[in-house]
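Engineer: Need a 3D model of the following:
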Amino acid sequence: MQSFKRFRKQLAFLLLIGSAVFSASSSNAQDVSRTVFVNTDVIIDPAVLINLFPTATQLAVVQIGGIVRIDDSGVGVVDIDSTGVYDPFATNYLNNRPVGGSQFQVTPSTNQISGLFTEKPGQPLLLDLYSGGTNSPAYNNDGTNCKVSRCVALHYGYYQTINSNTELNPSFLRSLIELRDPRNPNTSRLRQYTMVSPKLTIVSPRLSAVTQLLAVTQGLSSAVTQLSKLTPISTVTQLSQVTPISAVSQRISSAVTQGFSSAVTQLSQLTPTEYYTVYSEYTDPQRPQVTTTNWTQFPVKRGETPILSFTNSSSDNSVRISNARALRSTTQIPLAQLNSINLPPTIRNFQAVPSANVTLSRSTLSGITTTPAVNLNFLTAVNANLVLQNQNQIPSLNQNQIRNFNQNQTLPTINRSR
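Structural biologist: From the prediction side, this is the model:
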């Protein structure tokens with residue numbers, strides 16, 4: 001009995017020492033996979049396409065999609081998920097003749113991953129280069145481009161997975177479009193347009209003293225339970241007599257750590273998720289007749305602080321960012337509704353982020369360029385279902401929505417390594 005009392009004192013001492021080593025920094029759970037929704041529109045002045053295909057009146061879409069960078073020095077692993085897509089060949093968004101879908105393929109290669117929608121044989125998605133056709137160009141734009149004729153617009157969307165708790169960066173690199181003249185199948189042109197990427201740096205909250213105590217208590221309880229199941233009292237007495245205190249300490253420390261990690265994970269799972277949708281428009285200053293618009297929706301645990309910035313991973317081109325906005329919602333917005341009809345950036349719930357409206361220079365050997373960081377906690381959470389109910393359903397092209405891309409803004413240039 002004296003031996004057991006002595007061991008009990010040692011056990012209590014070890015548990016106190018074990019509980020003292022846990023702090024807020026050790027409470028961070030391991031990286032988990034978060035799913036980010038991405039929808040992109042590519043808007044082109046028909047004059048660009050007429051220059052590529054001088055004799056064509058219609059063009060067929062061979063493939064369209066995005067390319068993301070996978071050798072980014074940032075935290076986390078980025079992937080394109082083929083289980084959730086917004087197929088440009090199977091919706092009337094920006095197209096009044098859906099043709100039944102496409103073949104979607106995710107292809108990894110050196111330093112990048114592509115997610116491309118490719119036409120099916122005998123089912124061309126046709127674009128008219130002149131107004132008045134059966135599938136007229138999609139947009140009127142009263143900015144500097146497409147004043148006389150309408151703009152041609154295409155879209156694509158998919159899920160991306162990011163394995164990180166600290167940095168959510170989908171790492172956009174380029175959008176890709178391949179078009180052909182349907183009257184001459186051997187004539188095709190492929191174009192790629194540089195994109196910048198919205199990035200959320202996640203600052204996790206420090207666990208309160210009560211939360212830490214609950215987690216530690218659960219960890220200790222788990223440790224004691226494991227010891228009681230695995231080690232009879234008689235063995236404990238013998239163990240205290242013959243086992244070095246360091247070995248006992250290691251066993252207890254391991255059990256406490258496992259229990260503590262389990263408690264933190266459970267607490268994290270009970271925390272509600274909010275969703276931050278970032279909207280932005282990109283142009284290459286050297287090719288201003290093409291505008292890429294993007295909606296990216298990030299899941300963020302309530303209590304985490306999201307810090308927004310934009311990165312340019314391209315070493316080839318500068319990119320001008322304009323009309324950057326963000327929306328915070330308590331409910332998730334479906335991928336197919338992250339578009340200019342269901343969720344236009346003009347609605348009041350989208351709050352402007354003016355500091356992001358800059359020309360972001362290309363990346364260099366010294367690092368990837370990035371915009372100033374903005375804490376998005378200033379946003380008020382809204383119910384996305386109510387926001388979406390106030391918007392019209394996706395119309396056909398004869399009900400064109402007017403868009404203003406603010407492309408004649410004078411913007412500062414950012415040239416700063418991360």
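Engineer: The closest residue to V99 other than its chain neighbours: neighbour count?
Structural biologist: In this structure, V99 finds its nearest non-sequential neighbour in Q123, 4.4 Å apart by CB to CB, 6 or more residues apart in numbering. C-betas here are computed from N, CA, C, even on glycine. A total of 13 residues lie near Q123 under the criterion other CB atoms under 10 Å.
Engineer: how far away is Q123 from F117?
Structural biologist: 12 Å (CB to CB, to the nearest Å).
Engineer: Identify the contacts common to those two.
Structural biologist: Residues touching both Q123 and F117 (CB atoms under 8 Å, 6 or more residues apart in numbering): F89.
Engineer: So, low pLDDT: which residues of the stretch 51-200 of the chain?
Structural biologist: Within the stretch 51-200 of the chain, the stretches with pLDDT under 70 are 71-76, 96, 132-149.
Engineer: max-length strand in the protein?
Structural biologist: Using DSSP state E to assign secondary structure, the strand with the most residues in the chain is strand 287-301.
Engineer: Other residues contacting the following helix or strand past it?
Structural biologist: Using DSSP states H and E, the next helix or strand after strand 287-301 towards the C-terminus is strand 305-312. Surrounding strand 305-312, the residues in contact under the criterion CB under 8 Å, 6+ apart are 169, 171, 194, 196-203, 205, 276, 278, 280, 298, 300, 318-319, 321, 324, 326, 353, 356, 360-363, 368-377, 418.
Engineer: one more time with 6 Å
Structural biologist: With contact meaning CB atoms under 6 Å, 6 or more residues apart in numbering, strand 305-312 is reached by 196-201, 203, 276, 300, 319, 321, 356, 360, 363, 368-371, 373-377.
Engineer: Buried residues in that strand, which are they?
Structural biologist: Judged by neighbour count (16 or more other CB atoms under 10 Å), strand 305-312 contains these buried residues: 306, 308-312.
Engineer: And for stretch 112-132?
Structural biologist: If you call a residue buried by 16+ other CB under 10 Å, then stretch 112-132 has these buried ones: 112-117, 119, 124-129.
Engineer: same thing with stretch 89-102?
Structural biologist: Using 16+ other CB under 10 Å as the test for burial, stretch 89-102 gives 89-91, 93-95, 99, 101-102.
Engineer: For the protein, which segments count as helices?
Structural biologist: Taking DSSP state H to define them, one finds helices in the chain at 2-20, 46-52, 209-230, 233-242, 245-270, 384-389.
Engineer: Which one of the buried residues of strand 305-312 is nearest to T346?
Structural biologist: Distances from T346 to the buried residues of strand 305-312, taken as CB to CB, are shortest for L308 (19.7 Å).
Engineer: so what's the closest one closest to, chain neighbours aside?
Structural biologist: Counting by CB to CB, 6+ apart, L308 lies nearest to V374, which is 4.8 Å off, once chain neighbours are set aside.
Engineer: who touches the one you found in this structure?
Structural biologist: 308, 353, 355.
Engineer: how about the strands of the stretch 51-200 of the chain, start to end?
Structural biologist: Counting by DSSP state E, counting those that start in this stretch, one finds strands in the stretch 51-200 of the chain at the ranges 58-69, 78-86, 103-109, 112-118, 126-128, 140-141, 152-163, 167-168, 172-181, 184-194, 197-203.
Engineer: can you list these in CSV and add distance to L338?
Structural biologist: Formatted as CSV, the entries for the strands of the stretch 51-200 of the chain read as follows, by distance: least, CB to CB, whole Å:
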stretch, distance to L338
strand 58-69, 14
strand 78-86, 8
strand 103-109, 17
strand 112-118, 16
strand 126-128, 22
strand 140-141, 20
strand 152-163, 7
strand 167-168, 16
strand 172-181, 15
strand 184-194, 19
strand 197-203, 13
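Engineer: Ok, which of those strands comes nearest V382?
Structural biologist: Comparing the strands of the stretch 51-200 of the chain by their distance to V382 (CB to CB), the top pick is strand 197-203, with 18.1 Å.
Engineer: Taking strand 287-301 as reference, get the angle to that closest one.
Structural biologist: Orientation check (axes from the mean of the first three to the mean of the last three CA atoms, to 10 degrees): strand 197-203 against strand 287-301 gives 20 degrees.
Engineer: Run through who's touching strand 197-203.
Structural biologist: Counting by CB under 6 Å, 6+ apart, residues outside strand 197-203 touching it are 166-172, 278, 296, 298, 304-311.
Engineer: Show me what that strand pairs with in its sheet, parallel or antiparallel.
Structural biologist: strand 167-168 (antiparallel), strand 305-312 (antiparallel) (DSSP bridges).
Engineer: Wait, F104 touches T118, no?
Structural biologist: No. Contact between F104 and T118 fails when scored by CB atoms under 6 Å: they sit 7.7 Å apart.
Engineer: Please spell out the ChimeraX selection for the buried subset of the contacts of strand 305-312.
Structural biologist: Those of those that count as buried under 16+ other CB under 10 Å are selected in ChimeraX with:
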select :196,197,198,199,200,201,276,300,319,321,356,360,363,368,369,370,371,374,376
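Engineer: coming back round to it: quick one: the strands paired with strand 197-203 as a markdown table, columns for distance to D79 too.
Structural biologist: Conversion of the strands paired with strand 197-203 to a markdown table gives the following (distance: least, CB to CB, whole Å):
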| stretch | distance to D79 |
| --- | --- |
| strand 167-168 | 13 |
| strand 305-312 | 18 |
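Engineer: and R150, which of the ones you listed is closest to it?
Structural biologist: Across these, the minimum distance to R150, taken as CB to CB, is reached by strand 305-312, at 28.8 Å.
Engineer: Count residues in the vicinity of L386, would you?
Structural biologist: Counted with other CB under 10 Å, residues neighbouring L386 total 11.
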